[in-house]
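Visitor: give me a model of this one.
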Amino acid sequence: MKKRTVFSFITLLISALPLFSQNQKVSTKDFSNSVSRLDACVDNSLNKNSLTASPLSSDATFIRRLSLGITGRQPSSSFAKKFIESNDPAKRSKQIDSLLDSDGFVEYQVLKWGDLLK
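Guide: Below is the predicted model:
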């Protein structure tokens, strides 16, 4: 899998950075990878604002939101059914990687950035 720079996520990461400059103690294990760092940012923000995280969504809701958010399109019924019926415990992270590596993601980003830069 080739690596791509994902510009649309830079804003999210930059907006999360100040959370770590507020003298909050975060253990080193929270920084073992980028996912745990981002989770720590979200957790810090939720705690700071006395909010609780929503429960995990169903697989059907997850695949619909993921596909719309990454490719701008609804997933096909066969695609969604295959995902929902999968028993792979890592299916969500694999699907995120797969959609980020898809042509649909590139096309959607070109469309979004084209609209922003007009």
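Visitor: give me the most central residue, this protein.
Guide: The geometric centre of the chain, computed from its C-alpha atoms, lies nearest to I96 (Cα atoms, centre = their mean), at 7.3 Å.
Visitor: that one: what secondary structure?
Guide: helix (DSSP: H, G, I helix; E, B strand; the rest coil).
Visitor: touching, it and R65? I think so.
Guide: No. Applying Cβ atoms under 8 Å, one finds I96 not in contact with R65, separated by 11.2 Å. Every C-beta, even on glycine, is put in place using the N, C-alpha and C of the backbone.
Visitor: what is the subsequent helix or strand relative to the helix or strand containing V42?
Guide: Assigned by DSSP states H and E, V42 belongs to helix 34-48. For helix 34-48, the following helix or strand on the C-terminal side (DSSP H and E) is helix 59-71.
Visitor: if you count neighbours, what's buried in that following helix?
Guide: Within helix 59-71, the residues scored as buried using 16 or more other Cβ atoms under 10 Å are D59, F62, I63, R64, L66, S67, I70, T71.
Visitor: format those as TSV; extra columns: distance to F83.
Guide: Formatted as TSV, those follow (distance: Cβ to Cβ, whole Å):
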residue	distance to F83
D59	6
F62	8
I63	5
R64	10
L66	9
S67	9
I70	13
T71	14
